[in-house]
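> The following comprises the amino acid sequence and a computationally predicted model.
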Amino acid sequence: MTINMINAENFKKAFFSGAYNLSNRKEYINELNVFPVPDGDTGTNMTLTIMAAVNEINNLNDPTMDAIASAVSFGALRGARGNSGVILSQLFRGFSKEVKGKESLSAIDLSEGFQHAVETAYHAVMKPKEGTILTVAKGMAHKAKDIITLNPEIDIISFLDEVIEYGDKVLLNTPELLPVLKEAGVVDSGGMGLMTFFKGVSSSLKGEDITLSENDSLAVKESQPKVEKNAIGSGNDNISTADITYGYCTEYIILLDKPLTDKEVEDFKNYLLEIGDSVVCVADEELVKVHVHTDHPGLAFERGLQHGQLTSMKVDNMREEHRERVVLASQVEEARKNEKSTNDSVEEEYKEYGFIQVGAGEGITEIFKELGTSYVISGGQTMNPSTEDILDAINHVKARNIFVFPNNKNIILAANQAASICTDKQILVVPSKTIPEGISAMIAFSEDLDAKENLDEMINTMDQVKSGEVTFSIRDTSIDGKTIRKDDIMGISEEGIESVGNDIKEVTKELIKTMVDDESGLITLYYGDKIAEDEAELLVKELEETYTDLEVELHFGGQPLFYYLVSVE
């Protein structure tokens, strides 16, 4: 079987087949993760990222090559979760830019798309690490270029077979580039996810489309992280319909004819403000995402058509949707006024500073709020928020300068990606890798410093914090020279797995022992939803007896899956 050109229909089917293959095998890919902790695993993150692109394609009325490429780029960019998902979205973004403007694709076009994809992905990662999905993608791109150089007339099936065969070889070599993979006896999970996608693409082009498993489809829908909407700021759900100035929530995406200048974007926003409020206008080189509350949706659509085609158009009658809630919402608002609560009103004016934290657990959320956090995105280790989730939070915070605290190393890339997309506010990503770092950085904020000075001070403060966590193993593995069995209790510091055992308290004490040094002055424990308060207090008492010169603090975190979060300062 030979194919010399791929048209839009073939391209769409092949992309879906690759996405479904990845989704169907996501649990297998998850099992390749080296660290045996319960978290937002690679297969899950890559699946959620690619399914966001699938959803965008499904919304197209006219799936031309250009429209599909834009939908893939837009959907994956905003749906990206975790480092693997962000890198995958950047690969798609680079490839999509290369194929735009073409009605069909040859092997040469695919090869050029691969080159652009890898360049874009490497550019997006500050410190690229070899032995990862990036290495596999780069190897495939190099092989694609070599194939075309030797045989520019090669058919697409043969071309992909050779590229995929070479990609598998690069994937098998990843343990030689990352010792931690070799110790665990696995290949890189992100690289495996990429190869799984391409094998689904190849299968479709050979006439064997991969279909989506029903259970996996449901899992994708049900595992979306929820945004914690505080009672302050515009994230509050309990608003009265009496406050709705304009009746129609209008949303759409513009597939740009050409990139907008900064002035054109500003003029566009000003026009939307003339006909409505609650304006969100996020623009990049190819797309503009528009949200506005207005009484004239048609005018908003007409203005958008001046810059390109419209897609994903949606109009909701807010007054009709909320009619049954008017009385209740008014009563709630009146009660708030009477109680003079700190959360009793919606701040209409833009503040100078806003703060977004990522975290899970009732206690952790409450701590963030007490420190002045404007918005808490529920998620973290167990479910990495997407770029879109972070953008939504940014849009809800009415501030000119917004600090974003990812509080997990696997969310920093998505936060940076969201910051690069947002154009109407200054977004400063504080590269916090843990909840304790996010808390310490937040405490370090000072009204006397400007935004950049505060960012520097927050980063300096985080450097003084040692973070640890106590959780359980979800699989058998060997790492950091330790043999670990499923359900073992693990104490993990920033250096790796420090203690393993069957007793939560003893493992926690052993972890803290590795974290405390002569410069330590404070130990802070945040106990999770599976730890009783008296149990946590007993641990604190023993720590106070052991470390008589140190202060020990205890807070309810309520975080799932992690018995304790620990910080030593």
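Cool, the structure landed.

> for the helix or strand containing H291, packing partners?
According to DSSP states H and E, H291 maps onto strand 287-294. Judged by 3 or more Cβ pairs under 8 Å, 6 or more residues apart in numbering; DSSP states H and E, strand 287-294 is in contact with helix 65-79, strand 248-256, helix 262-275, strand 276-283, helix 297-305. Placement of C-beta: from N, CA and C, glycine included.

> average model confidence for the last one?
Helix 297-305 comes out with an average pLDDT of 89.

> low-scoring stretches of the stretch 201-350 of the chain, by residue?
214-245, 278, 280-282, 284, 318-348 (pLDDT under 70).

> Check the secondary structure at G491 for me.
Under DSSP: H, G, I helix; E, B strand; the rest coil, the three-state class of G491 is strand.

> How about it, nearest residue that isn't a chain neighbour?
Computed as Cβ to Cβ, 6 or more residues apart in numbering, the closest residue to G491 that is not its neighbour in sequence is L511, at 2.9 Å.

> E176 sits in which helix or strand?
Using DSSP H and E, E176 maps to helix 156-177.

> so how far is the helix or strand that that helix is followed by off the chain centroid?
Downstream of helix 156-177, the first helix or strand assigned by DSSP H and E is helix 179-184. Helix 179-184 sits 26 Å away from the centroid of its parent chain (Cα atoms, centre = their mean, to the nearest Å).

> which helices and strands does helix 179-184 pack with?
Applying 3+ Cβ pairs under 8 Å, 6+ apart, one finds that helix 179-184 contacts helix 156-177, strand 477-479.

> So for I439, which of those sits nearest?
I439 lies closest to strand 477-479 among the helices and strands packed on helix 179-184, at 27.9 Å (Cβ to Cβ).

> helix, strand or coil for T47?
For T47, the assignment made with three-state DSSP gives helix.

> do you know how far it is from G193?
According to Cβ to Cβ, to the nearest Å, T47 stands 8 Å off from G193.

> that older thread, the strand holding H291 pairs with which strands?
Here strand 287-294 is paired, per DSSP bridges, with strand 248-256 (antiparallel), strand 276-283 (antiparallel).

> CSV please, covering those and showing mean neighbour count.
Output for the strands paired with strand 287-294, formatted as CSV (neighbours: other Cβ atoms under 10 Å):
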stretch, mean neighbour count
strand 248-256, 21
strand 276-283, 19
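
> ok, back up a step: check which helices and strands the helix holding E176 is in contact with.
So helix 156-177, by 3+ Cβ pairs under 8 Å, 6+ apart, packs with helix 107-124, helix 133-150, helix 179-184, helix 189-205.

> roughly how far out does it sit from the chain middle?
Offset of helix 156-177 from its chain centre (Cα atoms, centre = their mean): 28 Å.

> Just the buried positions in it, please.
Under the neighbour-count criterion of 16 or more other Cβ atoms under 10 Å, helix 156-177 has 156-157, 159-160, 162-164, 166-168, 170-171, 173-175 buried.

> excluding its backbone neighbours, what's nearest E553?
Per Cβ to Cβ, 6+ apart, closest to E553 is T524, 4.6 Å.

> Same question for N21.
Distances taken as Cβ to Cβ, 6+ apart put G200 closest to N21, at 2.8 Å, once the chain neighbours are dropped.

> which ones are touching the one you found?
Contact analysis of G200 by Cβ atoms under 8 Å, 6 or more residues apart in numbering lists A14, S17, G18, A19, Y20, N21, L22, I210.

> Which helix or strand contains the closest residue to A444 other than its chain neighbours?
Excluding the flanking residues, the one nearest A444 by Cβ to Cβ, 6+ apart is T461, at 4.0 Å. If you go by DSSP H and E, T461 is part of helix 451-462.

> now this structure, which segments are flagged as low pLDDT?
Across the chain (using pLDDT under 70), the flagged ranges come out as 34-40, 126, 214-245, 278, 280-282, 284, 318-348, 380-382.

> gap between the closest residue in space to S386 that isn't next to it in sequence and G468?
Distances taken as Cβ to Cβ, 6+ apart put R81 closest to S386, at 4.7 Å, once the chain neighbours are dropped. R81 sits 25 Å away from G468 when distances are taken as Cβ to Cβ.

> Neighbour count for these two, which is higher?
Neighbour comparison, R81 and G468: the larger count goes to R81, with 32 against 24 (by other Cβ atoms under 10 Å).

> these two touch, right, the more buried one and L413?
No. Applying Cβ atoms under 8 Å, one finds R81 not in contact with L413, separated by 9.8 Å.

> what touches both of those two?
Shared contacts of R81 and L413, defined by Cβ under 8 Å, 6+ apart, are absent.

> Which pair in the contacts of G200 has the greatest spatial separation?
Using Cβ to Cβ, the contacts of G200 reach their maximum pairwise distance at A14 and L22, which is 12.8 Å.

> Neighbour count for those two, which is higher?
A count of neighbours by other Cβ under 10 Å puts L22 above the other of A14 and L22, at 28 against 23.

> Check the offset of whatever helix or strand that one lives in from the chain's centre.
Per DSSP H and E, L22 falls inside helix 8-24. Relative to the chain's own centre, helix 8-24 is displaced by 22 Å; criterion: Cα atoms, centre = their mean.

> Show me what counts as buried in it.
Here helix 8-24 shows 8, 10-12, 14-24 as buried, counting by 16+ other Cβ under 10 Å.

> To which secondary structure element type does I523 belong?
Assignment for I523 (three-state DSSP): strand.

> ok, and the closest non-adjacent residue to it?
Once flanking residues are discounted, I523 sits nearest to V552: 4.8 Å by Cβ to Cβ, 6+ apart.

> Give me the contacts around the helix or strand harbouring the one you found.
Here V552, judged by DSSP H and E, is contained in strand 551-556. With Cβ under 8 Å, 6+ apart as the test, strand 551-556 has contacts from 362-363, 367, 521-527, 533, 536-537, 540, 543-544.

> after it comes which helix or strand?
Remark: after strand 551-556, the chain's next helix or strand is strand 564-568, criterion DSSP H and E.

> Direction included, what does that following strand pair against?
Within its sheet, strand 564-568 is paired with strand 466-472 (antiparallel), strand 522-527 (antiparallel), according to DSSP bridges.

> Now tabulate these in a markdown table and tack on distance to P152.
Formatted as a markdown table, those follow (distance: least, Cβ to Cβ, whole Å):
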| stretch | distance to P152 |
| --- | --- |
| strand 466-472 | 53 |
| strand 522-527 | 60 |
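
> so which of these gets nearest T373?
Comparing the strands paired with strand 564-568 by their distance to T373 (Cβ to Cβ), the top pick is strand 522-527, with 15.5 Å.

> mind saving the C-alpha coords of the helix or strand following the closest one as PDB?
Following strand 522-527 in sequence order, the next helix or strand is helix 533-546 (DSSP H and E). Listed next in PDB are the C-alpha coordinates belonging to helix 533-546 (Å, rounded to 0.1, in the frame of the first residue of the first chain):
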ATOM      1  CA  GLU A 533      -5.300  15.400  64.400                       C
ATOM      2  CA  ASP A 534      -4.200  13.600  67.600                       C
ATOM      3  CA  GLU A 535      -1.900  11.400  65.600                       C
ATOM      4  CA  ALA A 536      -0.300  14.400  64.000                       C
ATOM      5  CA  GLU A 537       0.000  16.100  67.400                       C
ATOM      6  CA  LEU A 538       1.800  13.000  68.800                       C
ATOM      7  CA  LEU A 539       4.300  13.200  66.000                       C
ATOM      8  CA  VAL A 540       4.900  16.900  66.700                       C
ATOM      9  CA  LYS A 541       5.500  16.100  70.400                       C
ATOM     10  CA  GLU A 542       8.200  13.600  69.500                       C
ATOM     11  CA  LEU A 543       9.800  16.000  67.100                       C
ATOM     12  CA  GLU A 544       9.900  18.700  69.800                       C
ATOM     13  CA  GLU A 545      11.600  16.200  72.200                       C
ATOM     14  CA  THR A 546      14.200  15.300  69.500                       C
END
